[in-house]
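K.L.:
okay, predicted coordinates and the sequence, questions at the end:
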Amino acid sequence: MPPGKRRKTEETADLRLQSQLCEEERFWDLMRRMARENRTAVLSFILIVLVVLASLLAPVLTPYDENGMDLMHRLSPPSQDHLLGTDEGGRDELTRLLYGARVSLLIGVVPALLSLILGSALGVIAGYRGGLADAVIMRAADVTLAFPSMLLAMVIMYSLGGGIVNVFLTLTLVNWANVARVVRSRTLALKSSEFVEAARVIGVPEGRIMRRHILPNCLPTLLVLFTLNIPASILTESSLSFLGLGIQPPNASWGLMINTGRQYLYSAPWLCFAPGAAIMLIVLAFNFLGNGLLDVLDPRQRKQ
Amino acid sequence: MSEILLEARSLTKQFPAAGKKTVHAVSGVSLQIREGETLGLVGESGCGKSTLGRLMIRTLSPTSGEVLYRGQSITAMKDREFMPLRRELQLVFQDPYASLDPRMTVRDLIAEPLETWHICESRNAVTARVLELLRAVGLPEEFLRRYPQQFSGGQRQRIGIARAIAADPSFIVCDEPVSALDVSVQNQILNLLKELKASRRLTFLFISHDLSVVRYLSDRVCVMFLGRICEIGTTEEVYRNPRHPYTRFLLDAVPVPDPALRGKEIRLLKGDPPSPADPPSGCRFRTRCPFATQRCAAEEPELREIGAVRAACHHVEE
Amino acid sequence: MEHNTLEVRGLTVCFQTAKGAVRPVDDVSLKIPQGSIVGVVGESGCGKSMTARAVMGLVRSPGKITGGSVTLDGRELTSLPEKERRKLRGAEISMIFQEPMSSLNPVMKVGRQVAEAVRLHTGCSRAEARAKTLAIFREVEIPEPEARYDCYPHELSGGLRQRVLIAMAAVCRPKLLIADEPTTALDVTVEAQILKLLERLRDAGVSVLLISHDLGVIARVCDYVYVMYAGRIVEQAGTGVIFDRPQHPYTRGLFRSVASLREGAETLETIPGVVPNLLRLPAGCSFLMRCPSCPARCENEIPPLAETEPGHAVRCFLAGKEGAT
């Protein structure tokens, strides 16, 4: 569009008033507003913090050792000594759940972070540079997104082998494309904004425009994506572990615990039930929190 | 007479538009801007004045024609050759709300050109220079660490001006710098621009749809209609004795804040401006012009000397 | 006695925000005699648009009308249920906005949009609605009305769009037309045409509330003027009177600013400072911070809107007194 076609932008008093009322409503104000208006998000946040604390304080919270076998008490049902019972090796289920939380949370956070970094870098470049870079990056993203993510993850895990580092890698490769797509569309919008044109007129080099003007303005979107990618990673890893492709024993992740408990589904149902419930709760909590953030940080996207 | 700083030679810019049409934003415009002068550019929306402004500082490249800076064609230059000239040619935006990055503090906003051109040695020197600039545009020092959202339109426009003058440019395009502001604040900004023009010996291309605003700041005025120059001359001459019929209608149409003049029947232009995607043949003003004749449809009027000004009309005589 | 189409008394709109209560419209009273154009002038954020919205019953949450009354031809509007109000809108009161594009449905032909409005309010047949639409198109001087009937909004120029909007607003012969900055987005040559159109509607008996920041527009068409500042009316008078002898320091500053620009002064007159934030209004006069001459009294006491001559009221302690410069 030729710049001359732009309309005069005298705001109506109405809008101006709104902006005056929203004045200084920066990040923490928005967070406070979310806390006031969205109970579910607050509860979710509290739950997540509790789970993180519990997993970190696991050695203090339980007297048992994560891998301490006690063959005398195999598969004992929940009791006062073992609140969630014991597994096939007589290990305390609650202890394993707490330690498993460390692995599961790590598996949620690390790949979400890695895919965010990779995806936003590629997304900004694709959106800002356009042309060949855009074509190459976005076709790669399309291919990634065209595969069912579970299938893709299984294929990668299968060829790389198990282990936590490979799980990180796999989940990053599965999730980056979504981030790249969202960031690219934000970048396209920001690229035509006046403040980016202003930076160009001043002579700011391209790389710096992307780093200083475009990325910071994508941050709210990125935070939302991050929060929503965590539960996705946890779920994918659980499925992988359940299939025996993820974390390898004796490490415990919640998914793996379900996998081992599966054999005793009828004799000791608590072995599947406890980690299953834990996964469900934490995934729901992250999703609620993510949607809460989306509401306050990016109301337009929410409406779509 | 001072040296010619910028010159446009038959500049043309076309944009592709929906439906395989072409928008003729600027068509064969030639003009010269001398060092230290302010050239006002007036016209209605869609007349190509913003596009012309951006062509002059090479944030848009012309479809044909060229722009010369101190006699050198900046149109022909490669990006790398042009880079050092980038800081000489600056722009003040119309919309003080959209043109400042909401995530940067006032300090970082004004420091950006200084850092880009490595004008100051150290971080402290940058901050000191930013404070100096804040004073120059009439903003208090406390603003340094705040964000643009916390300011009113006028204060933001001052920040925009500080950014434009930070790297000591020689030429600034002001694209409707006050049209988003309230009357009382608008005058503050105009005073500031006039003051800066004198104290920093700046050359301005001042774009506005508002005739009185242009009159206040400009030494010469150029009136555009649909991508072409209708009339160009000294401010005094154009306002006192407009030659081109369009200039006359434009001056007549401005509502005068004096109810006593209400009874006076004003001459109204008929109809709407034609679309720049489909300009009329010959003189582009002819579809709205009450004096239009056969000749106007057939033959495009050239800019020619009429008394002290130059105008493009077949029917205007001395 | 003259008949007032609209009477607003003590209208107050309140916004509850996280940072406290804000009153963008504070104790505003105004009246519009039948068949006249009344102007409300002020800078952005002064509450002039919000006043119009309140009259229309279009104040959005978290805003609320917390006091005052609005009567249209003697009928109280603020207590009407929403359903009743909706019937009035478009039929007896209509409104046109600054940006015509945003008030038109982009995927519907403009003729049909107007015809739809006609059918909604009169319940007449399609053919009748079409005829009425074409008639009103002719009346607002839309060239080639039949061809324009089948255009989409984006195919029309800004001026034509505003005409379509005026046609839509006037088609049901409303008693009151509220025009909120109707020409701000238009070019001067088109602006003049639209103002002419408003005058013609006035002459046809429609009362018009014209909201504008442009004193030139106000001077050209208004019969009576209200000046608003920070949510309150600070001065009101007939157009001739207020331009001849403004009394409030804000009105004077505003008029002087505009005059100095027109007359090509060496340095332009300005009003120092900025419009106050409604959240941090002073306890007394809201113009306090920018006023060249304020006695101590202004700091704690809101000056009343007092008449200085018949039909001319000013909200200033110094108005009409010696030394009020």
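P.N.:
That came through fine.
K.L.:
near chain C at all, stretch B:15-26?
P.N.:
No - judged by CB under 8 Å from any CB of the partner chain, stretch B:15-26 stays clear of chain C, getting no closer than 9.0 Å. Placement of C-beta: from N, CA and C, glycine included.
K.L.:
all helices of the stretch 101-250 of chain C, in order?
P.N.:
C:110-122, C:126-139, C:145-149, C:158-170, C:188-203, C:215-221, C:239-244, C:249-263 (DSSP state H, counting those that start in this stretch).
K.L.:
closest to residue C:232 out of these?
P.N.:
Closest to residue C:232 of the helices of the stretch 101-250 of chain C, according to CB to CB: helix C:249-263, at 10.5 Å.
K.L.:
now the closest one: how far from the chain's centre is it?
P.N.:
Mean C-alpha position of helix C:249-263 versus that of the full chain (CA atoms, centre = their mean, to the nearest Å) differs by 21 Å.
K.L.:
just the buried residues of it, please?
P.N.:
Neighbour-count burial for helix C:249-263 flags C:249-262 (criterion: 16 or more other CB atoms under 10 Å in any protein chain shown).
K.L.:
and whichever helix or strand comes after it, which residues are buried?
P.N.:
Sequence-wise, the next helix or strand downstream of helix C:249-263 (DSSP states H and E) is strand C:306-309. Across strand C:306-309, burial judged by 16+ other CB under 10 Å covers residue C:308.
K.L.:
just to revisit the earlier point, would CSV of the helices of the stretch 101-250 of chain C with mean pLDDT and distance to residue B:64 be doable?
P.N.:
Output for these, formatted as CSV (pLDDT from 0 to 100; distance: least, CB to CB, whole Å):
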stretch, mean pLDDT, distance to residue B:64
helix C:110-122, 87, 37
helix C:126-139, 90, 41
helix C:145-149, 88, 35
helix C:158-170, 86, 29
helix C:188-203, 87, 30
helix C:215-221, 90, 40
helix C:239-244, 92, 50
helix C:249-263, 87, 38
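K.L.:
how about the buried residues of helix C:249-263 in JSON lines, adding distance to chain B?
P.N.:
Formatted as JSON lines, the buried residues of helix C:249-263 follow (distance: CB to the nearest CB, whole Å):
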{"residue": "C:249", "distance to chain B": "12"}
{"residue": "C:250", "distance to chain B": "9"}
{"residue": "C:251", "distance to chain B": "11"}
{"residue": "C:252", "distance to chain B": "11"}
{"residue": "C:253", "distance to chain B": "6"}
{"residue": "C:254", "distance to chain B": "6"}
{"residue": "C:255", "distance to chain B": "7"}
{"residue": "C:256", "distance to chain B": "9"}
{"residue": "C:257", "distance to chain B": "5"}
{"residue": "C:258", "distance to chain B": "5"}
{"residue": "C:259", "distance to chain B": "7"}
{"residue": "C:260", "distance to chain B": "7"}
{"residue": "C:261", "distance to chain B": "5"}
{"residue": "C:262", "distance to chain B": "5"}
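K.L.:
out of these, flag the one nearest to residue C:26.
P.N.:
residue C:250 (15.1 Å).
K.L.:
returning to that earlier point: out of the helices of the stretch 101-250 of chain C, which is closest to chain A?
P.N.:
helix C:158-170 (7.8 Å; CB to the nearest CB).
K.L.:
need the residues that contact that closest one.
P.N.:
A:7, B:45, B:272, C:90, C:94-97, C:100-101, C:103-104, C:110, C:113-114, C:117, C:133, C:136-137, C:139-142, C:148, C:153, C:156, C:177, C:182-183, C:185-187, C:190, C:193-194, C:197-198, C:201, C:206 (CB atoms under 8 Å, 6 or more residues apart in numbering or on different chains).
K.L.:
let's see 7 Å
P.N.:
B:272, C:94-96, C:100-101, C:103-104, C:110, C:113-114, C:117, C:136-137, C:140-142, C:153, C:156, C:177, C:182, C:185-186, C:190, C:193-194, C:197, C:201, C:206 (CB atoms under 7 Å, 6 or more residues apart in numbering or on different chains).
K.L.:
okay, the angle between that helix and helix C:126-139?
P.N.:
Helix C:158-170 and helix C:126-139 are oriented at 130 degrees to each other (axes from the mean of the first three to the mean of the last three CA atoms, to 10 degrees).
K.L.:
so helix C:158-170 versus helix C:188-203, what angle?
P.N.:
10 degrees.
K.L.:
using CSV, list the CA coordinates for helix C:158-170.
P.N.:
Provided in CSV are the C-alpha atoms of helix C:158-170 (Å, rounded to 0.1, in the frame of the first residue of the first chain):
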residue,chain,number,x,y,z
GLY,C,158,-13.9,8.5,1.8
GLY,C,159,-16.3,11.3,0.9
LEU,C,160,-18.8,9.0,-0.7
ARG,C,161,-18.7,6.6,2.2
GLN,C,162,-19.5,9.4,4.6
ARG,C,163,-22.4,10.4,2.4
VAL,C,164,-23.7,6.8,2.5
LEU,C,165,-23.4,6.9,6.3
ILE,C,166,-25.3,10.2,6.4
ALA,C,167,-27.9,8.7,4.1
MET,C,168,-28.3,5.8,6.4
ALA,C,169,-28.6,8.1,9.4
ALA,C,170,-31.1,10.4,7.7
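K.L.:
chain C against chain B: which residues are in contact?
P.N.:
Contacts of chain C with chain B, taken as CB under 7 Å from any CB of the partner chain, map to C:43-44, C:143, C:157, C:159-160, C:187-193, C:196, C:213-217, C:219-220, C:239-240, C:243, C:253-254, C:257-258, C:261-262, C:264, C:267-271, C:274-275.
K.L.:
contacts only, for residue 149.
P.N.:
Using chain A here. So residue A:149 contacts A:174, A:236 (CB under 7 Å, 6+ apart).
K.L.:
the chain in question should be chain C.
P.N.:
Residue C:149 sits next to C:109, C:111, C:133-134 when contact means CB under 7 Å, 6+ apart.
K.L.:
hang on, residue A:179 packs against residue A:123?
P.N.:
Yes - shown here, residue A:179 and residue A:123 form a contact pair, counting by CB atoms under 7 Å, at 6.5 Å.
K.L.:
tell me which of the two has more neighbours.
P.N.:
residue A:123 (31 against 26; other CB atoms under 10 Å in any protein chain shown).
K.L.:
ok but the more buried one is inside a helix, no?
P.N.:
Yes - secondary structure of residue A:123 (DSSP: H, G, I helix; E, B strand; the rest coil): part of a helix.
K.L.:
my guess is it contacts residue A:188. True?
P.N.:
No - with contact defined as CB under 7 Å, residue A:123 does not reach residue A:188; the gap is 9.9 Å.
K.L.:
nearest residue to the residue of chain C found nearest chain B other than its sequence neighbours?
P.N.:
As assessed by CB to the nearest CB, chain B sits closest to residue C:216 within chain C, at 3.0 Å. Computed as CB to CB, 6 or more residues apart in numbering or on different chains, the closest residue to residue C:216 that is not its neighbour in sequence is residue B:255, at 3.0 Å.
K.L.:
which residues does residue 154 contact?
P.N.:
Chain wasn't specified; assuming chain A. residue A:245.
K.L.:
not what I meant, chain C
P.N.:
residue C:106.
K.L.:
try 10 Å
P.N.:
B:18, C:101, C:104, C:106-107, C:161 (CB atoms under 10 Å, 6 or more residues apart in numbering or on different chains).
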